[in-house]
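**Q** Structural data only, the sequence is not supplied:
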């Protein structure tokens, strides 16, 4: 089985509405030969394996600057903030003893230890350049395999806890804002087409989650029978086409249904400017709408990129990190509304 790929172009920069692409991610699942999978290992065995991995990987160049965060000693607030940043999975936050996260300073590279698999390499980017992300992940994978004996079968590829990951162990995803397709009632047809192509569509927090902020994660379903390059190229092509359909939907809204577009923006701005209580998911929806309007030149008085900041800052874990303390849900909802009222003071809609 081949395990090498080359790098891909960042097509997201050519879109007329750059806010469509939120991020992309490369994730590789790896396991140590002869060790029980984490779900079947005792807490003592998970702790032993974590210590062994950290010891053997301390000289791996991509990991030298990483901070090691033991799950059992991290606060729930810190874990929630990491999860909101897509740096750690819900499964790992619940692992407890023996779980850990290695995280580099700019948060673009991480290694989950004892999640579903022994090792999960993750590379995140704020664009759609999957091949650039793959180069980083592949380099780290090679360096890790020089230090530990990874479970690999010559016919089946990398052996993983979940059979759906056997083969390359590669999961590739692109996160897209798809509000335009929802407003034009085309999103269900697009999702059916993606399903026929073997592409999984999930909400913002992965499997089983809703699409808060009209954010959808597109990822590959198959890991066996394709090379890494084939998986990356196919997902990149599908994500690019989906983003262009979203771009076309936004253009049609502006040209053919301007009242619908402006009504969506007006409602979002009115609520953010006046609400006294705001939940995080509804706030994400309104911010997504205004970001779409800002990219189209219909929302003025604020730079489009500011909406990206607020889309993260208003999440529960991030709010508590900024507040340097625990905030009850009701308090967060009140503070979130106050923050939005202040942030939207100078924002206005184009005539």
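**A** Okay, I see it. The model shown is predicted, which means the values in this text are computed figures rather than measured ones. Numbering: from 1, shown residues only.
**Q** how about the lengthiest helix in the chain: buried residues?
**A** For the chain, the longest helix by residue count, based on DSSP state H, is helix 228-256. By neighbour count with 16 or more other CB atoms under 10 Å, helix 228-256 contains the buried residues 228-229, 231-236, 238-240, 242-243, 245-247, 249-250, 253-254. C-beta coordinates here come from the backbone N, C-alpha and C atoms, glycine included.
**Q** Could you identify the helix or strand that succeeds that helix?
**A** Remark: after helix 228-256, the chain's next helix or strand is helix 258-274, criterion DSSP states H and E.
**Q** Against which helices or strands is that next one packed?
**A** Identification of packing neighbours for helix 258-274 by 3 or more CB pairs under 8 Å, 6 or more residues apart in numbering; DSSP states H and E yields helix 179-183, helix 228-256, helix 280-295, helix 329-343, strand 348-349.
**Q** Give me the residues contacting that helix.
**A** With contacts defined as CB atoms under 8 Å, 6 or more residues apart in numbering, helix 258-274 is touched by 179, 183, 253-254, 278, 282-283, 285-287, 289-290, 292-293, 296, 298-299, 340-341, 343-345, 347, 349.
**Q** Same check on stretch 335-351?
**A** With CB under 8 Å, 6+ apart, stretch 335-351 has contacts from 262, 265-266, 269, 272-280, 283, 290, 293, 297-302, 306, 310, 313-314, 319, 323, 327.
**Q** how about the nearest residue to residue 215, chain neighbours excluded?
**A** Once flanking residues are discounted, residue 215 sits nearest to residue 204: 4.4 Å by CB to CB, 6 or more residues apart in numbering.
**Q** distance of that neighbour from residue 236?
**A** Noted for residue 204: a distance of 20 Å to residue 236, by CB to CB, to the nearest Å.
**Q** quick one, domains of the protein?
**A** Structural domains assigned to the chain are 18-248, 257-349, following automatic domain parsing.
**Q** hang on, residue 157 packs against residue 163?
**A** No: the criterion here is CB atoms under 8 Å, and residue 157 misses it with residue 163 at 11.8 Å.
**Q** These two - which one has more neighbours?
**A** Ranked by neighbour count (other CB atoms under 10 Å), residue 157 and residue 163 place residue 157 first, with 21 against 11.
**Q** Run through the bridge partners of the more buried one.
**A** When bridges are taken as DSSP bridges, the partners of residue 157 come out as residue 153.
**Q** Please report how far it lies from residue 173.
**A** 20 Å.
**Q** Show me where the stretch 251-351 of the chain dips below the pLDDT cut-off.
**A** Within the stretch 251-351 of the chain, no range satisfies pLDDT under 70.
**Q** starting at the chain centroid, how far to the strand ranked longest in the chain?
**A** In the chain, with assignment by DSSP state E, the single longest strand is strand 21-30. Its chain's C-alpha centre and that of strand 21-30 lie 7 Å apart, by CA atoms, centre = their mean, to the nearest Å.
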